[in-house]
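Visitor: Sequence and predicted structure, then a few things I'm wondering about:
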Amino acid sequence: MKKTIFSLLLLSLGSFGVAHAQFSRPVSVGIGGGTTINLTDLANVQAQYAGHVDVDGLITPFISVGVHAERGALKGHGYESDFKNKYWAFNANAKLRMGQFMGLPDNYSYYNLQASPFHKILANFYVGAGAGFIKNDIVANISSNYRTAIEGMGGHISEELDGINFVVPLNVGVDIPFGRTLYGPQWAVNINYQHTVTTKDNLDAVVNKKDDHYGYISVGLKYALFHRK
């Protein structure tokens, strides 16, 4: 896990020299992948992998709304028990970038050509939130002692191993566009951390007192479509 985070930081720093402002085109598509981290009752993490596809539309150069489709796995163990969840997830989300608060000029193409690399990077840091669903596919091996302990605390071992649950994803990250065109950059590297909160405590087949969460650290590539009119 430390190696994964360190690699992401190196990629971010290495992109400073080619960074430009956020897309001036209205729609972007993206693909990426990374590492998942389960935050569940069986909390000893075994890092797994996920991939995703995004489609985003710009309301302003620094506010976007979009959809996110994700396929991945979560895995953990503890108390002589273990689980693996090969899930599908889908959400709609919105992201707000720092550039929205930086008093940038209306002539955005002119700004893109003149701004310093530091301001271009700073303008593209964002936070976001959304709502969606996760489709579980859980395989769990639960020891009899752990089952008894969970039941003694008022919980239970779920028999619903392939259900669909509502989730709330929270995002923090940065878009690093590169490549100049007449209408602004058309490509971007995306570095993102998504923290997904479930409303049903069943990512690991163990239902106890607290809802399960999971994290997804990813790197992706985005491509902007169409000309802004």
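Guide: Done, it's in.
Visitor: how about the spatially most central residue of the chain, what does it touch?
Guide: Closest residue to the average C-alpha location of the chain: residue 194 at 3.2 Å, with CA atoms, centre = their mean. Residues counted as contacts of residue 194 (CB atoms under 8 Å, 6 or more residues apart in numbering) are 169-171, 215-216, 218. Placement of C-beta: from N, CA and C, glycine included.
Visitor: Mind checking which of the residues you listed land in strands?
Guide: Mapping these onto strands (DSSP state E) picks out 169-171, 215-216, 218.
Visitor: which of those residues are buried?
Guide: 169-171, 215-216, 218 (16 or more other CB atoms under 10 Å).
Visitor: Of all pairs in the residues you listed, which one is the farthest apart?
Guide: 170 and 218 (13.9 Å; CB to CB).
Visitor: want to throw the buried ones among the ones in strands among the contacts of residue 194 into a markdown table with distance to residue 130 and pLDDT?
Guide: Shown next, in a markdown table, are these (distance: CB to CB, whole Å; pLDDT from 0 to 100):
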| residue | distance to residue 130 | pLDDT |
| --- | --- | --- |
| 169 | 5 | 98 |
| 170 | 8 | 98 |
| 171 | 8 | 98 |
| 215 | 15 | 97 |
| 216 | 13 | 98 |
| 218 | 15 | 98 |
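Visitor: Now render the residues you listed as CSV, adding distance to residue 78.
Guide: Shown next, in CSV, are those (distance: CB to CB, whole Å):
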residue, distance to residue 78
169, 25
170, 25
171, 28
215, 18
216, 21
218, 26
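Visitor: now, which of these sits nearest residue 53?
Guide: Residue 53 has its nearest neighbour among these in residue 218, at 11.4 Å by CB to CB.
Visitor: pretty sure residue 70 contacts residue 36?
Guide: No - between residue 70 and residue 36 there is no contact, the gap being 9.2 Å when judged by CB atoms under 8 Å.
Visitor: any common contacting residues for those two?
Guide: 50, 216.
Visitor: For the chain, which segments count as helices?
Guide: Assigned by DSSP state H, the chain shows helices spanning 2-14, 108-114, 117-123, 144-152.
Visitor: Worst mean pLDDT among these?
Guide: Among the helices of the chain, helix 2-14 carries the lowest mean pLDDT, a mean of 41.
Visitor: Find the residue ranges of the protein scoring beneath the pLDDT cut-off.
Guide: In the prediction, the chain carries residues with pLDDT under 70 at positions 1-25, 103-117, 180-184, 227-229.
Visitor: number of nearby residues for residue 176?
Guide: 24 (other CB atoms under 10 Å).
Visitor: Kindly report the same for the one 10 residues further on.
Guide: Residue 186 is surrounded by 19 other residues when neighbours are defined as other CB under 10 Å.
Visitor: likewise residue 119?
Guide: Quick note: residue 119 (other CB under 10 Å) scores 17 neighbours.
Visitor: likewise residue 28?
Guide: As a burial measure, residue 28 scores 25 neighbours (other CB under 10 Å).
Visitor: again, but for residue 97
Guide: 24.
Visitor: Show me what it is bridged to.
Guide: Under DSSP bridges, the beta-bridge partners of residue 97 are residue 126.
Visitor: That one: what's it in contact with?
Guide: Here residue 97 is in contact with 22, 62-64, 123-126, 175 (CB under 8 Å, 6+ apart).
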